[in-house]
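> Pasting the sequence and the predicted model now:
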Amino acid sequence: MHSLNYTLTRRQTLPIYSVMTLYAASAPVAVTSIVQHLIPIPGSVLLTFLALALFLVALFTERQPVSITELNRIGLLVCGAIAIPAIASLIGVAFALVSIQSVEYTAYVNHSLLNRLINLSLYTVLTLVVLIFIRRDVQQTNTSLLKGYTIGTFLLALGGIWQFLHFTIGYPMPLFDTRAYVHSVNQDVLFNFRITSFTDEPSFLVPFLLDGLIIGTLIMTRKTYALFASLTILVLLLTFSISGYVNVVVIGLVAMLLLFTRNMIPKKMILTILGGLFLLITTLFLLLPQAFIALFMPILGRVDGLFDVMHHSRLYMLVFPFVWLFDYSFMNTLFGFGPGSYDFLARTKFLSHQGAVSGTSNNVFVDLLFEHGLLGGLLFTMSFIAISFYLWKKRNIHLYYSIALILWIHLGVTSLYRADFASPRFWLIIMIVVGLLELARQKRYLPNHVPNIFQKAKVTSI
C-alpha cells in the first residue's frame, strides 16, 4: 500500500499542528503533582488521550492511508522494543498468578497492571500517529514539536527563577508540595533550598531543562538562545542535583566530541573556553573557599553515602531488582512480572533503614528488566545501544544526525535516574529524534522562517 498524494491546505492542517504544539508545550507541566491530581484521571494521561483522539479524527477524515513500511524504522523499533515485550510479559503475569499465589501480587494486578497497559498503549499509538505526520510533512511536524516543547521547558525555567526569588527575597509564590529542602547534609549550606520549579523534585526538573538547552539551538536566534540558556543554566545550577550535574558533564563531553569530529568550532577555541572555565572555578575556590564549599554543600554533603547500597534508597532500588528477578520462576525471569509490576515490589520489599521501596527504581532499563524480564529488558537495551551506534556513524553526514545523537545520549542518561517511559517526555524526545532523522535522511532542514544558532544565513530546503 502506498501513500496517496497529499492535497491538504494550510487551513486544514493548521488545527492539527496547533494541537501538536499545545501538547508538546503542556507535557513538561502535565507531569507535575498539582496537574496530575486535579481530576481522578492523571493529567498527562488525559492530555495524551485528547491529543491522540484529535489526531486520529484528523487521519480518518483525510482518508489518506500510509503503509507501516513507510514509517521511520527507528521510531518503529523503539515502539516495538517496549510494546511487544509488554504484551509478552502477560505470559509472566498469568504464570505468576498461578505459581506465586500472593495477595500482594494479586493487588498489583488489580490496581496497576491495567493502568500501565493503558499508558503504554496511549503513548505507543500516539508515537505511531506522529510518525505518520512526520512521513507526510516532516518540516511542519518537527517545527510544531520543537516550538511547543521549548515553550514548555521555558515555562519550567521561569518557574525556577520565580521559586529562587521566593526563597531569597520572599517574592510571593503558591506553595507546591515539592522536595525543595536540602537533605542528608550535616553542615552549613549557602542556600538552604533546591530549585524544583513546578516539578516534584530537582531530578524531575533537570531533564526538561537540558531538553530545552539542546532543542533550543534549533529554533532560536543566538541572542534569544543566550538569554534562554542563561536563565536555564542558573536554574540548573541551583537544583543541586547530583544526577543532573553528571548529566550535564556527559552531554558536554558528547557535544565537544562532536564539535571536534565535525570541525564546527576551532579546537583552540574549545580548549580556550574549557581552560577559562577551569581557571575561573579554581580562582573562585582559592579566593572564597568557604563560600564555594557552602554553595555546593547540598551535593558535597551527600557524597559520603552515595555508594552505600544498604543506606542509599535509590541505589538499593537500582541494584536489588537484579536479585529479585530470580526470586520466583524461570518463566518470570524470562518474561518478567508484568507492566507496572514494580508496584508488587513496593508491596513486598523494604529498605534496610526505612519503609517500603518505591513504585519504581527510577531507572528505565531496570524497571523494564523487572517488568518485561530478561527478554524484554535486553531487547530494549540492545535496541537503544544499536540506535546510538547508528547515529554515531551518521554524525558527519548532516547536522541533524549530530543533534539527534546528543538528544539520544541525553535520553539514555536521564533514563538512568528517571524512569519516565510511561510519561509524555520520553516519547516526545523519541518523536523529535525521529523527525530530525527524517530531515537528515532527506537532506532537508527546518523551514526558512525558523531561526537557529548554527547558521548565519537561511538554509534553502530541498
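Structure received. Note that the structure is a prediction, hence the values are computed from the model and not measured. Residues are numbered from 1 along each chain as shown.

> hey, let's count contacts and neighbours off CA atoms from now on
Noted.

> Could I get the full set of helices for the stretch 51-200 of the chain?
73-99, 103-108, 114-136, 138-169 (DSSP state H, counting those that start in this stretch).

> List phi and psi for R194.
phi -130, psi 140 (degrees, to the nearest 10).

> hmm, back to that, now the helices of the stretch 51-200 of the chain in a markdown table, with mean pLDDT and distance to I403?
Listed next are the helices of the stretch 51-200 of the chain as a markdown table, based on pLDDT from 0 to 100; distance: least, Cα to Cα, whole Å:
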| stretch | mean pLDDT | distance to I403 |
| --- | --- | --- |
| helix 73-99 | 94 | 15 |
| helix 103-108 | 92 | 40 |
| helix 114-136 | 94 | 17 |
| helix 138-169 | 91 | 13 |
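
> out of these, nearest to A51?
The closest of these to A51 is helix 114-136. By Cα to Cα, the value is 8.2 Å.

> The residue lying closest to I387 once chain neighbours are set aside and S388, how far apart?
What sits nearest to I387 in space, not counting adjacent residues and going by Cα to Cα, 6 or more residues apart in numbering, is I74, at 7.3 Å. Between I74 and S388 the distance, using Cα to Cα, to the nearest Å, works out to 11 Å.

> Neighbour count: these two, which is higher?
Taking other Cα atoms under 10 Å, I74 and S388 do not tie; I74 has more neighbours (20 against 17).

> Wait, that one touches V434, no?
Yes: the criterion here is Cα atoms under 8 Å, and I74 meets it with V434 at 6.8 Å.

> where's the residue nearest to I387 relative to T127, distance?
12 Å.

> joint contacts of those two?
Common neighbours of I74 and T127, counting by Cα atoms under 8 Å, 6 or more residues apart in numbering, are absent.

> hey, which helix or strand in the protein has the poorest pLDDT?
Confidence across the helices and strands of the chain bottoms out at helix 297-300, with a mean of 60, counting by mean pLDDT, DSSP states H and E.

> next SSE after that one?
Tracing the chain past helix 297-300, the next element assigned as helix or strand by DSSP states H and E is helix 313-319.

> buried stuff in the helix or strand following that next one?
Note on helix 313-319: by DSSP H and E, the next helix or strand toward the C-terminus is helix 321-324. By neighbour count with 16 or more other Cα atoms under 10 Å, helix 321-324 contains the buried residues P321.

> from here on, count from 742
I'll keep to 742 as the first residue from here, and by that count the last item is helix 1062-1065.

> moving C-terminal of helix 1062-1065, what's the next helix or strand?
helix 1071-1076.

> Surely N860 and D1161 touch.
No: applying Cα under 8 Å, one finds N860 not in contact with D1161, separated by 11.4 Å.

> chain center to the one helix or strand L1012 maps to: distance?
Element membership for L1012, per DSSP H and E: helix 1008-1028. Centroid displacement of helix 1008-1028 relative to its chain, using Cα atoms, centre = their mean, to the nearest Å, is 30 Å.

> Quick check: mean pLDDT of it?
Mean pLDDT, helix 1008-1028: 75.

> For that helix, C-alpha coordinates in CSV please.
Taking C-alpha atoms only, helix 1008-1028 is exported to CSV below (Å, rounded to 0.1, in the frame of the first residue of the first chain):
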residue,chain,number,x,y,z
LYS,A,1008,39.8,23.2,18.6
LYS,A,1009,41.8,26.1,20.1
MET,A,1010,38.6,27.9,20.9
ILE,A,1011,37.1,24.9,22.7
LEU,A,1012,40.3,24.4,24.7
THR,A,1013,40.4,28.1,25.5
ILE,A,1014,36.8,28.1,26.8
LEU,A,1015,37.5,25.0,28.9
GLY,A,1016,40.7,26.4,30.2
GLY,A,1017,39.0,29.7,31.1
LEU,A,1018,36.2,27.9,32.9
PHE,A,1019,38.7,25.8,34.9
LEU,A,1020,40.7,28.9,35.8
LEU,A,1021,37.6,30.8,36.9
ILE,A,1022,36.4,27.9,39.1
THR,A,1023,39.9,27.4,40.6
THR,A,1024,40.2,31.1,41.3
LEU,A,1025,36.8,31.3,43.0
PHE,A,1026,37.7,28.3,45.1
LEU,A,1027,41.1,29.8,46.2
LEU,A,1028,39.7,33.2,46.9
